[in-house]
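Colleague: Take this sequence and fold it.
(one chain, ligands or ions: 2)
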Amino acid sequence: MSADTVYDCIVIGAGVQGSFTAYHLAKKNKKTLLLEQFVLPHSRGSSHGQTRVIRKAYDQEFYAHMLDECYKLWAQIEKEAGVRLYRQTGLLVMGPENSRYYELVKNTLQKNKVPMVALTRENFSKHIPLVNLDEGHGAVVEIPAGILYADRAVKTAQGQFQKLGGVIRDNAMVTDIKPGPLVTVVTSSGVYRAKSLVITAGPWTNRLLAHTGLELPLEVEKINVCYWKEKVPGSYNIKNRFPCFIQTECQDTKEHIYGLPSNEYPGLMKVCFHAGFETDPDHRDKQKNTSDIDILQRYIARCFPGLDPQPAVVESCLYTLTPDRNFVLDHHPAYSNIVIGAGFSGHGFKFGPIIGKLLSELSLGEVPSYDLSPFKIRRFHEKTKSAL
Ligand SMILES: Cc1cc2nc3c(=O)[nH]c(=O)nc-3n(C[C@H](O)[C@H](O)[C@H](O)COP(=O)(O)OP(=O)(O)OC[C@H]3O[C@@H](n4cnc5c(N)ncnc54)[C@H](O)[C@@H]3O)c2cc1C
Ligand SMILES: O=C(O)[C@@H]1CCCCN1
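Modeller: Ligands and ions are numbered 1, 2, ... in the order given. Prediction:
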């Protein structure tokens with residue numbers, strides 16, 4: 001491409017959401033440029049690591065609805081690229097039987113006819129050995145849920161995008177955005193222009209939006225990603241059909257604790273706390289709070305007796321949270337040819353292919369395939385007004 005190329009669309013940020021957006025745009029024959037500040041692949045954002053959970057066990061039904069198509073889109077890209085990205089493991093959901101959240105999750109699964117098994121206290125340990133169910137808690141298994149191979153998925157979306165003629169420039173940090181009928185994007189390695197722009201910059205979203213006069217209520221948190229050693233190797237292994245799990249709340253915390261079967265590191269199971277500590281994305285290593293690990297240790301000692309209750313490996317990842325934990329998928333309020341995909345609040349990976357499709361639709365001025373009202377920027381202002 002020559003220096004004066006005008007792209008149909010520029011996408012900023014090659015995490016899972018930007019990579020899938022670029023892929024969908026290229027599928028629609030749009031001349032697309034994907035810009036990434038770091039050399040790819042990297043582990044400084046939110047999409048790195050080997051695994052993520054895919055599930056329909058949500059308290060809000062609109063997420064479960066989107067997942068129908070999402071599973072199909074994951075299967076489609078697996079087929080196109082000849083790689084495996086999804087593996088069914090099932091998802092064990094445990095929570096206080098009398099809690100509203102646990103009830104809503106069960107209702108979503110039932111209403112959407114998701115194959116599931118409700119476990120009783122009597123048969124729990126037969127189906128799920130080496131886990132202690134808390135007193136007063138119920139348990140259901142969502143059968144089709146599973147894991148996504150995260151790093152491989154991002155690489156595959158980028159690879160398919162390139163095969164379709166898309167251009168990726170990594171090591172290209174965007175330093176300025178000049179809105180207009182043609183948007184100008186200034187990077188550390190060149191200046192580019194396009195008819196439309198999609199910003200999928202994860203934890204750096206507000207830094208980029210500052211160039212356009214907008215600030216969203218996003219909070220960036222560092223998550224301690226903990227792996228715990230199996231006392232007997234293999235006891236919680238994916239090959240032995242151990243499922244992913246979510247503990248919606250328990251005596252140790254009102255927040256989710258969740259885990260994935262041992263898989264990526266031999267003999268280690270990933271169990272994490274679904275909340276972290278505020279950080280600057282460029283300085284996350286300075287955030288050293290580990291009070292979440294104390295909570296996890298207590299939980300593991302009580303409920304996962306087959307794990308050593310000391311983390312064997314601790315890595316880090318970033319969440320970008322909105323106040324209501326729903327995503328932002330919308331046009332920029334002042335510039336209709338700038339589209340924003342942000343605030344994935346620690347649960348956006350599974351939706352990558354559908355978010356890519358939706359952001360591509362918004363950037364092309366098409367009617368989006370789903371009702372995007374839960375994801376509009378306007379909701380933040382409405383909240384502020386009603387609070388006055
Ligand atoms: C520990 C952890 C566990 C999770 N578990 C799950 C799960 O089980 N299931 C699930 O569905 N989701 C899960 N998530 C959430 C999911 O991973 C995120 O929602 C998703 O990865 C967000 O992707 P993104 O593309 O928005 O952000 P990112 O991956 O951060 O991508 C943004 C990209 O923009 C680039 N960028 C930023 N600024 C610039 C600039 N100025 N110029 C150029 N490039 C720029 C960044 O370098 C980065 O590559 C988890 C997240 C974490 C951290
Ligand atoms: O999005 C998910 O499915 C996981 C599990 C629960 C909390 C963190 N994210």
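
Colleague: isn't Gly13 right up against Pro203?
Modeller: No. With contact defined as CB atoms under 8 Å, Gly13 does not count as touching Pro203 (9.9 Å). Where C-beta positions appear, they are placed from N, C-alpha and C, glycine not excepted.

Colleague: list residues touching both of those two?
Modeller: The contact sets of Gly13 and Pro203 overlap at Gly45 (CB atoms under 8 Å, 6 or more residues apart in numbering).

Colleague: for Gly259, which residues make a bridge with it?
Modeller: Beta bridges link Gly259 to Phe245, Val271, judged by DSSP bridges.

Colleague: Now do the contacts for it.
Modeller: When contacts are counted by CB under 8 Å, 6+ apart, Gly259 touches Cys244, Phe245, Met269, Lys270, Val271, Cys272, Phe304.

Colleague: Spatially nearest residue to Gly267, not counting backbone neighbours?
Modeller: Pro233 (4.4 Å; CB to CB, 6 or more residues apart in numbering).

Colleague: Skipping adjacent residues, who's closest to Phe124 in space?
Modeller: Closest residue to Phe124 apart from its sequence neighbours, by CB to CB, 6+ apart: Leu133 at 5.1 Å.

Colleague: For the one you found, the count of nearby residues, please.
Modeller: Neighbours of Leu133 under the rule other CB atoms under 10 Å: 18.

Colleague: Just want the phi and psi numbers for it.
Modeller: Backbone geometry at Leu133, expressed as degrees, to the nearest 10, gives phi -80, psi 130.

Colleague: Show the end-to-end separation of stretch 76-95, please.
Modeller: Stretch 76-95 has an end-to-end distance of 34 Å (CA to CA, to the nearest Å).

Colleague: Can you give the strand pairings for the longest strand seen in the chain, parallel or anti for each?
Modeller: Across the chain, the longest stretch assigned as strand under DSSP state E is strand 307-321. Next to strand 307-321 in the sheet, as set by DSSP bridges, lie strand 219-230 (antiparallel).

Colleague: average pLDDT for the partner strand?
Modeller: Averaged across strand 219-230, the pLDDT comes to 98.

Colleague: Repeat that for stretch 205-212.
Modeller: In the prediction, stretch 205-212 has an average pLDDT of 98.

Colleague: That one near ligand 1 at all?
Modeller: Yes. Stretch 205-212 reaches ligand 1 (CB under 6 Å from any ligand atom) through Leu208.

Colleague: what about the helices in this structure?
Modeller: 16-27, 61-81, 100-111, 121-127, 150-163, 205-209, 291-303, 352-363, 378-387 (DSSP state H).

Colleague: List the contacts of Thr187.
Modeller: Counting by CB under 8 Å, 6+ apart, Thr187 touches Leu35, Arg169, Ala172, Met173, Val174, Thr175.

Colleague: Check His331 too.
Modeller: Neighbouring residues of His331 by CB under 8 Å, 6+ apart: Ile338, Val339, Ile340, Leu362.

Colleague: In JSON lines: the residues you listed, plus neighbour count and distance to Thr108.
Modeller: Shown next, in JSON lines, are the contacts of His331 (neighbours: other CB atoms under 10 Å; distance: CB to CB, whole Å):
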{"residue": "Ile338", "neighbour count": "23", "distance to Thr108": "33"}
{"residue": "Val339", "neighbour count": "26", "distance to Thr108": "28"}
{"residue": "Ile340", "neighbour count": "27", "distance to Thr108": "27"}
{"residue": "Leu362", "neighbour count": "23", "distance to Thr108": "26"}
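
Colleague: ok, and the closest non-adjacent residue to Ile340?
Modeller: That would be Ile199: by CB to CB, 6+ apart, it lies 5.1 Å from Ile340.

Colleague: Tell me, how many residues neighbour the one you found?
Modeller: 29.

Colleague: just Ser345 next, same as before
Modeller: Using other CB under 10 Å, Ser345 has 20 other residues around it.

Colleague: now swap in Glu249 and tell me
Modeller: Neighbour count of Glu249, defined by other CB under 10 Å: 18.

Colleague: any idea how far it lies from ligand 2?
Modeller: Distance from Glu249 to ligand 2, counting by CB to the nearest ligand atom, to the nearest Å: 12 Å.

Colleague: got a list of what that residue touches?
Modeller: By CB under 8 Å, 6+ apart, the residues touching Glu249 are Gly95, Pro96, Ser99, Tyr101, Glu255, His256.

Colleague: can you check Leu34 too?
Modeller: Leu34 touches Ile10, Val11, Ala14, Gly18, Ser19, Ala22, Gln158, Phe161, Gly166, Val167, Ile168, Arg169, counting by CB under 8 Å, 6+ apart.

Colleague: got those as JSON lines, with neighbour count, pLDDT and distance to Gly190 columns?
Modeller: Shown next, in JSON lines, are those (neighbours: other CB atoms under 10 Å; pLDDT from 0 to 100; distance: CB to CB, whole Å):
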{"residue": "Ile10", "neighbour count": "29", "pLDDT": "98", "distance to Gly190": "11"}
{"residue": "Val11", "neighbour count": "36", "pLDDT": "99", "distance to Gly190": "15"}
{"residue": "Ala14", "neighbour count": "30", "pLDDT": "98", "distance to Gly190": "16"}
{"residue": "Gly18", "neighbour count": "32", "pLDDT": "99", "distance to Gly190": "18"}
{"residue": "Ser19", "neighbour count": "29", "pLDDT": "99", "distance to Gly190": "20"}
{"residue": "Ala22", "neighbour count": "34", "pLDDT": "99", "distance to Gly190": "17"}
{"residue": "Gln158", "neighbour count": "23", "pLDDT": "99", "distance to Gly190": "19"}
{"residue": "Phe161", "neighbour count": "27", "pLDDT": "98", "distance to Gly190": "19"}
{"residue": "Gly166", "neighbour count": "24", "pLDDT": "98", "distance to Gly190": "16"}
{"residue": "Val167", "neighbour count": "18", "pLDDT": "98", "distance to Gly190": "11"}
{"residue": "Ile168", "neighbour count": "20", "pLDDT": "98", "distance to Gly190": "13"}
{"residue": "Arg169", "neighbour count": "17", "pLDDT": "98", "distance to Gly190": "7"}
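
Colleague: For ligand 1, tell me which of these show up nearby.
Modeller: Checking the contacts of Leu34 against ligand 1 (CB under 6 Å from any ligand atom), the matches are Ala14, Gly18.
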